[in-house]
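Trainee: Quick one, fold the following:
(2 chains)
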Amino acid sequence: MSKIKLIYGLGDRGKNAIHTVGGKAAHLGEMIKHGIPIPDGFVLSTSAFERFINHSPFRQEIRETLDQEIELTELIATSKKLQKYILETEFPSEIRDPIIKRFKDLESNTPFPLEVAVRSSANVEDLVKTSFAGQADTFLCISTVEDLIDSIKRCWASIYSARALMYIQQMVKVPLNLVSIGVVIQKMVNSEVAGVMFTANVLTKDKTQTLINAAWGFGESIADGQVVPDSLTIDKDSTNIVKMRIGSKLKMSIRHPNACGTILADTPLDKQDVLCLTTDQIEELVNYGIKIEKFFNDIPQDVEWAIEEGRILILQARAITSKLD
Amino acid sequence: MVSSVGFKKVGKGLSVSSKETAEGEFTVINSVEDVLKLLEIGAENKIVIVEDCGTTTIGPILSQIKGIICTSGSEGSHLAIVSREFEIPAFMSSRFSIDNYLALNGKLGKIVSIDEENGEIYLDE
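Mentor: Numbering: from 1, shown residues only, chains lettered A, B, ... in the order given. The predicted model follows:
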């Protein structure tokens, strides 16, 4: 048996392990080491993805395709072909079994029916200059082993979506055969409020300020632009609000009532034009941001966060990729 | 900000990236196919108009285009993050004062940031 590890605990690997577990997982692991509250979970290593490809009856075709630059005119057809190869490959039991075991372990520590989020963690993700923001897919509210296995496959396949392939070739500029993807599997946070926090003001480039976007429900509504969120500019030193724009928040992302995944629902009228964070929550968030920024070498961070039953959880941190000087 | 002579204000948005004024040809983009077409013919003078700011489909042409008008989103949306990587003027949650913004497709115009967060969209008449 090879000693290559296919699964790690989320806190096992830190910020230098991007090649082993991908950018998102490496950064989450680093935050766990520093005591930042992160939802429990585990991570499939990039080696698990490579093992899966090696096991595929289409491995030859996949490798040959990735060994060369894809012509733009061929991009959509090639993307479809690669994704089909991944989706039609059977999950080998040497990867499937330990995933199921970890899932069951996670379930045994949960007092209510377990739901997880399945999130991409590519080795070309969350880099200092290229965020890879929104290129690969996330799957929320997964509750069964079958849906989990299916989501992992679809998450892997999303690295070969036409838009991801274009982004990698044109922006990251790494040969496709060096691109790999880890997968983060975490307990779902049933957030009442969630959002994005930039530990520098990305609009004015002021590093003494934090900029927060916040909305009701799951934070994907902000990343995907489905709501106009609240926007708060905070002075980091005093945690005073410097500027506030209350968003209309007409919609909110919530759990699908009778299937896995989420839906966009109307926000109750009495919550639409109301600030969705308390002063205490704003202060706590800003202070987490300051702490996170410190152990990522004082590089201002783009942080995704959520609040569940009043408790703040951090879902992701990556360097702010825009120039701040 | 006084609108320039010969330009008519047709909309506004939340300015989330570079505050430079951008002039160019409005081009509506809906799909990866639209992006590929632009890559072939060149996207150098385009101000693209998109609805979806979650999936950053227009990534590959960011190094070429002049500006972005998105009908949804905020500072924290994926497209806003990526537009700042490239320092391209970008407006989120843009609203138009004309009946249908599709009528802007192929027309010349400009986008202007009037302060830290407010941007205006002008059509060249």
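
Trainee: Any residue of stretch A:220-229 touching chain B?
Mentor: Yes - counting by CB under 8 Å from any CB of the partner chain, chain B has neighbours in stretch A:220-229: A:220, A:222-229. C-betas here are computed from N, CA, C, even on glycine.

Trainee: Report the buried residues of the worst-scoring helix or strand of chain B on mean pLDDT.
Mentor: Across the helices and strands of chain B, mean confidence by mean pLDDT, DSSP states H and E is lowest for helix B:32-41: a mean of 86. Buried residues in helix B:32-41, counted by 16 or more other CB atoms under 10 Å in any protein chain shown: B:32, B:34-36, B:38-39.

Trainee: Show the average pLDDT along the host helix or strand of A:Lys81.
Mentor: In the assignment (DSSP states H and E), A:Lys81 maps to helix A:75-87. Here helix A:75-87 scores 95 as its mean pLDDT.

Trainee: Around the closest residue in space to A:Asp266 that isn't next to it in sequence, count how many other residues there are.
Mentor: Leaving aside its chain neighbours, A:Asp266 sits nearest to A:Lys251 (6.4 Å; criterion: CB to CB, 6 or more residues apart in numbering or on different chains). Other residues near A:Lys251 come to 19 when the count uses other CB atoms under 10 Å in any protein chain shown.

Trainee: So A:Lys251 sits against A:Thr262, correct?
Mentor: No - applying CB atoms under 8 Å as the test, A:Lys251 and A:Thr262 come out as separate, 11.4 Å apart.

Trainee: The one helix or strand in chain A whose mean pLDDT sits lowest near chain B anywhere?
Mentor: Sorted by mean pLDDT, DSSP H and E, the helices and strands of chain A end with helix A:162-167, the least confident at a mean of 86. Yes - counting by CB under 8 Å from any CB, chain B is contacted by helix A:162-167 at A:162-163, A:166-167.

Trainee: who's in contact with the one residue sitting closest to the centre of chain A?
Mentor: Residue closest to the average C-alpha location in chain A (CA atoms, centre = their mean): A:Arg119, at 5.1 Å. By CB atoms under 8 Å, 6 or more residues apart in numbering or on different chains, the residues touching A:Arg119 are A:24, A:138-139, A:155, A:183-186.

Trainee: and the least confident of those?
Mentor: Among the contacts of A:Arg119, A:Thr138 carries the lowest pLDDT, at 89.

Trainee: Spatially nearest residue to that residue (excluding sequence neighbours)?
Mentor: A:Arg119 (4.9 Å).

Trainee: May I have the strands that pair with the helix or strand where that neighbour lies, each with its orientation?
Mentor: Per DSSP H and E: A:Arg119 is located in strand A:116-122. Here strand A:116-122 has these sheet partners by DSSP bridges: strand A:139-142 (antiparallel), strand A:181-187 (antiparallel).

Trainee: With just CA atoms, put the last one into PDB.
Mentor: Below are the C-alpha coordinates for strand A:181-187, written out as PDB (Å, rounded to 0.1, in the frame of the first residue of the first chain):
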ATOM      1  CA  ILE A 181      -8.000  19.800  -6.500                       C
ATOM      2  CA  GLY A 182      -8.600  18.900  -2.900                       C
ATOM      3  CA  VAL A 183     -12.100  18.900  -1.400                       C
ATOM      4  CA  VAL A 184     -13.200  20.300   1.900                       C
ATOM      5  CA  ILE A 185     -16.100  18.500   3.600                       C
ATOM      6  CA  GLN A 186     -17.400  20.500   6.600                       C
ATOM      7  CA  LYS A 187     -20.400  20.500   8.800                       C
END
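
Trainee: and the next helix or strand after that strand, which strands flank it?
Mentor: Using DSSP H and E, the helix or strand that follows strand A:181-187 in sequence is strand A:193-198. Note on strand A:193-198: by DSSP bridges, its sheet partners are strand A:209-216 (antiparallel), strand A:301-308 (antiparallel).

Trainee: Rounded mean pLDDT for the first one, please.
Mentor: In this model, strand A:209-216 carries a mean pLDDT of 97.

Trainee: How about the last one?
Mentor: For strand A:301-308, mean pLDDT rounds to 97.

Trainee: Give me the contacts around it.
Mentor: Outside strand A:301-308, the residues touching it (CB under 8 Å, 6+ apart) are A:131, A:189-199, A:218-219, A:223, A:281, A:285, A:288-289, A:292-293, A:312-321, B:81.

Trainee: For A:Lys323, which non-adjacent residue is spatially closest?
Mentor: Nearest non-adjacent residue to A:Lys323, counting by CB to CB, 6+ apart: B:Glu87, 6.7 Å away.

Trainee: Equivalent analysis for A:Asn201, please.
Mentor: Of all residues not flanking A:Asn201 in the chain, A:Gln209 sits nearest, at 4.0 Å (CB to CB, 6+ apart).

Trainee: one step back: what is the helix or strand following the least confident helix or strand of chain B packed up against?
Mentor: Following helix B:32-41 in sequence order, the next helix or strand is strand B:46-50 (DSSP H and E). Packing contacts for strand B:46-50, counted by 3 or more CB pairs under 8 Å, 6 or more residues apart in numbering or on different chains; DSSP states H and E, involve strand B:22-28, strand B:67-70, strand B:108-113.

Trainee: Which one of the ones you listed lies nearest to A:His256?
Mentor: strand B:67-70 (26.0 Å; CB to CB).

Trainee: Alright, calling it a day.
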